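Asker: okay, predicted coordinates and the sequence, questions at the end:
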Amino acid sequence: MSTVNIQTDTKTHSAYQGEPVINDFALMIATKNGSGSQTSNEVLIRSLFRMGIPVSGKNLFPSNIKGLPTWYTIRASKDSYIARRATTDIAVTMNQDTAAEDIANLPEGGVCIIPQEWKWGQTRPDIIYYEVPVKSTLGMSDIPSDFRDRIANMVYVGACAYLFDIPLDIVRQALLDTFNGKEKPANMNFGVVQNAYDWSKENLVKQDPFRFQPLDLTTGKILITGNEATALGALFGGITVAAWYPITPSTSVIDGVLDHKHLRKDPETGKDTVAVVQAEDELAAIGMIIGAGWAGARAMTATSGPGISLMAEFTGLAYFAEIPCVIWDITRMGPSTGLPTRTSQGDLLFIHFLGHGDTRQITLLPGSVAECFEFGWRAFDVADQFQTPVFVMSDLDLGMNIWMSDPFVYPDQPLNRGKLLANKEKYEQFVAEHGEWYRYRDYDKDGVPYRTIPGVDHMRAAYFTRGTGHNDMAVYSERGDDWLQNLNRITQKIDNSRVLLPQPIIDFDAQNEIGLVSFGSNDPAIEEGRDRLAAAGIKTNYLRVRALPLAQSVKEFVLKHKRVYVLENNHDGQLAQIIRMEAAEDTRHMISLPLGDTLPMTAKWVFESVMHGENK
Amino acid sequence: MPNALGLERQDYRAAQSTLCPGCGHDSIANQIISAAYDLSLPMPHVVKFSGIGCSSKTPAYFLRGSHGFNAVHGRMPSVATGAMLANQSLYAIGVSGDGDTGSIGFGQFKHLIRRNVPMVYIVENNGVYGLTKGQFSATADEGAKLKYYGKNELPPIDLCLEAIISGCTFVARSFSGDAKQVQTLIKAALSHRGTAVLDIISPCVTFNNAPDSTKSYEYGKANEIPLHQIDYMPRGFVPEREEITVKSDYELIEVQMHDGSYIRLKQVDKDHDPRNRAAALSVLEKAQREELFLTGLIYYEEPRPTLGETLNLVDTPLSALADEQLRPSPEALAKLMATFG
Ligand SMILES: Cc1ncc(C[n+]2csc(CCOP(=O)(O)OP(=O)(O)O)c2C)c(N)n1
Ligand code: SF4
Ligand SMILES: [Mg+2]
């Protein structure tokens, strides 16, 4: 790859000595953006998945519609590791602009599949070349000319199927999966796959050790992107208003809501229970969901860093006026426009403290597609429960790449609308019990007041919402004591959330002296890295943070270890900073390991960074 | 005298105003109170919105029985859009200023109109930023003078023109010194299904009330030219209805509103038919060119579908859906999961 990759493996594959390498290697497909390679790559992934082989795919694409280089890596792992692998063993080079570099990056013993008509020559004697005639293979099939360029990619699918043992009937099934069961396009594509397979069988001599073999490790599993999982979660969480402004890598969240909105159609009238509005900008998008949340909707937006920047004033208002809404930040590389198509976890501090004055925003941190689904619905409950904006920070890797997962679990709790006096009866009942109702009065001494919404049919159920100073009767006030009382209560409310938000996932053994802390999409790399560390004699404990403000157990975890490494995918070690802020007493033994190299974390980086820290 | 809901006019009041005594915005708040009382508006089903500014403070001063949302500067339209999606059955009244709408919130203003969010959108237009102490706003006339900021060299933005070209189907201009017209227009606007924009010249007595200012009381009183005498007849109250026909010379124009009420315009300027878009645009051009202070219903059109209708939303307010309508069944999830396997 031409991207500078500080996580690259230099050592050669250990199994190149003649032994076959089965279900444990990675494949890289280099194409041009917009050439239709996404379909062929998806077909390859789905084929392996159908063979029962644990698989993961990472799309490394440019911020461009057509022409710039794209790399797609597919990793098969008999050990069910789904993190990105630093090095790929096989390169399918379909892009002349990058082929030289793609070939140069192959390890010794690697494989290069390259179009024959390029007459590129076999410049590296230490790798294996397979030259495949893309143009003439395509010519054998009767393909309408406007489909030709896109379908050309099916040639490498056919060649790979022959070379690495993917049964053709499985490829056909995968094609049907990819085309949502539509026979016509599936057949047209399959014709090319078949021809390429036949040609390869007749003309290529297998010289490399890499092979796929059926396993049964994907039975019952699903393949899905994090963003689609988020959208489904939101639909099962009762989303009623979505407002957004398109931005990579968050766009497919709202696309997912639109694609699956039928789940929530009113069966009798066929009308929608979800309003989706493409706003004029993120400022309007956040304004709309705040207005909607205030009036009783379950409202959500999805954006990325630049959009979050525009939402600062409004989310401060929602925090202070105590209005529930949900904001998904699918993070990408910043600052500024940064690298719009590269992953990062760089918005953590920004989100958590978004808003001027003293604000601390509740932030959920999903680490898998299953958690994208779960937090998709749960975020609405949290927002309603605490009457506050809830941020959920996913990232480009989790959001846009396809992940293998167990099927999603149906919400284990009914919808929680919090302390909502949603109608006249509820309002009157409250007043009968308390003798009064004031919007910001702390009746339960837990910092969370009761709220009404417009339309509650009672003359005294209304209140005036404002971002300016107010007392607990929601009346404008410039008094210092009113201000303090109000902000103290909000602070208490946010502090109380620590025990009710998703708790960290902890793997702890008192014998181990070293602790790892991380969050979000790093999880597979950390887990694999821990296995490698253990194999090298370093046993580690692991805590994955799932929400801010931090749970008490994070502090305890840090204190229980001799050394703690905080591994995250940003430049400044933002989670480490938050832990230092909250557990200042003793974090001298805590070491911040930020990556931030624009790519998903790898086990190799985890392993080497911790080894380095341990002076090994 | 109690209205149909048994409420007195004073029941429609709210907090005491904190604006400067004599501020034009207070008179508009008073006309909102009168209109709501006259129409027997059910306050729990009304929502009030505003941005930031002296004008935007006023929703705290009317309709105490209604929920109000004093948002951030210039962004009231988006908040109103969201709230009206959450509950389409509400009446919405938004109050903004010329700074709030014409500058920082200009984009949101136009997009709200484009989406046809059903609400009355009042701009209390004084040609200055009152709350930040008297800077020029974008509606100040070219050549207008202010004590500290000198002469305004830039052409004004005409909010009525902007509303019409953005697709607004109810556009009026008025003068807070013309209480009766303001009140009638508010009533008509409340009967309109869609965004209704009222650009009301509302003098800032503290920063922009010099007699030579086109936004002053003195100027308005001396120069206002109503395009027509306007009457509002609520549903079920249509005296002499049978005898009235629309005359070809536009002497009398009657428009039936969406809720069954009528507005009747006795034309003063016989050239102006508010149902003609080109005429509406040209009368605004003319007013600007000849420095005429024309007031009244500038433009009216059969309303387009509202945002909620465009989105094909269920009739039940989204905020009132039952849990079963908010969460698909476990079977639906299982079926869905099978498609990802
Ligand atoms: C983001 C932001 N910028 C600036 C301000 C300061 N500000 C408050 S009101 C106002 C102008 C209000 O003018 P207008 O809308 O004409 O209302 P008026 O006071 O004249 O009624 C400004 C600039 C603010 N509140 N928020
Ligand atoms: S400063 Fe002007 S606009 Fe503000 S309250 Fe006073 S008179 Fe009204
Ligand atoms: Mg003003």
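Answerer: Perfect, thanks for sending it. Ligands and ions are numbered 1, 2, ... in the order given.

Asker: relative to ligand 3, how far out is the closest residue to chain A within the stretch 151-300 of chain B?
Answerer: Nearest residue of the stretch 151-300 of chain B to chain A: residue B:166, at 11.7 Å (CB to the nearest CB). Quick note: C-beta positions are derived from backbone N, CA and C, even for glycine. Using CB to the ion, to the nearest Å, we find residue B:166 at a distance of 20 Å from ligand 3.

Asker: can you pull the phi/psi pair for that residue?
Answerer: Backbone torsions of residue B:166, given as degrees, to the nearest 10, read phi -90, psi 0.

Asker: my read: it touches residue B:114, true?
Answerer: Yes: contact criterion CB atoms under 8 Å: residue B:166 and residue B:114 qualify, at 5.5 Å.

Asker: just give the nearest non-adjacent residue to residue B:254, would you?
Answerer: Spatial nearest neighbour of residue B:254, excluding adjacent residues (CB to CB, 6 or more residues apart in numbering or on different chains): residue B:264 at 5.0 Å.

Asker: A strand includes that neighbour, no?
Answerer: Yes: membership of residue B:264 in a strand is supported by DSSP: H, G, I helix; E, B strand; the rest coil.

Asker: tell me the contacts of it?
Answerer: Contact analysis of residue B:264 by CB atoms under 8 Å, 6 or more residues apart in numbering or on different chains lists B:230, B:231, B:232, B:233, B:244, B:252, B:253, B:254.

Asker: give me the subset of these lying in strands.
Answerer: Counted as lying in strands by DSSP state E, out of the contacts of residue B:264, are B:230, B:231, B:232, B:233, B:252, B:253, B:254.

Asker: let me know the closest of those to residue A:558.
Answerer: In terms of CB to CB, no member of the ones in strands among the contacts of residue B:264 lies closer to residue A:558 than residue B:232, at 69.2 Å.

Asker: beta partners of the closest one?
Answerer: On the basis of DSSP bridges, residue B:232 is bridged to residue B:263.

Asker: hang on, it packs against residue B:259?
Answerer: No: the pair residue B:232 and residue B:259 does not pass the contact test of CB under 8 Å, sitting 11.4 Å apart.

Asker: the two: which is more packed in?
Answerer: For residue B:232 and residue B:259, the more surrounded residue by other CB atoms under 10 Å in any protein chain shown is residue B:232, and the numbers stand at 22 against 12.

Asker: just the pLDDT for that one.
Answerer: Listed pLDDT for residue B:232 reads 95.

Asker: ok, now residue A:8?
Answerer: At residue A:8, the pLDDT value in this model is 49.

Asker: low-confidence regions, the stretch 1-150 of chain A specifically.
Answerer: Within the stretch 1-150 of chain A, the segments meeting pLDDT under 70 span A:1-18.

Asker: measure the residue of it found nearest ligand 1 to ligand 3 for me?
Answerer: Residue nearest to ligand 1 within the stretch 1-150 of chain A: residue A:63 (30.4 Å; CB to the nearest ligand atom). Distance of residue A:63 to ligand 3, given as CB to the ion: 42 Å.

Asker: list phi and psi for that residue.
Answerer: The phi/psi pair for residue A:63 (degrees, to the nearest 10) is phi -90, psi 80.

Asker: that one: what's it in contact with?
Answerer: Residues near residue A:63 by CB under 8 Å, 6+ apart: A:248, A:339, A:340, A:341.

Asker: before we move on, back to that, residue B:166 and residue B:114: which is more packed in?
Answerer: Set residue B:166 next to residue B:114 and count neighbours by other CB under 10 Å: residue B:166 wins out with 18 against 15.

Asker: any figure for the gap between that one and residue B:116?
Answerer: 10 Å (CB to CB, to the nearest Å).

Asker: do you know the pLDDT at the residue of the stretch 151-300 of chain B closest to chain A?
Answerer: Looking at residue B:166, its pLDDT stands at 98.

Asker: against residue A:280, how distant is it?
Answerer: Residue B:166 sits 12 Å away from residue A:280, going by CB to CB.

Asker: the nearest residue to residue A:443 once chain neighbours are set aside: neighbouring residues, count only.
Answerer: Nearest non-adjacent residue to residue A:443, counting by CB to CB, 6+ apart: residue A:434, 6.0 Å away. Counted with other CB under 10 Å, the neighbours of residue A:434 add up to 12.
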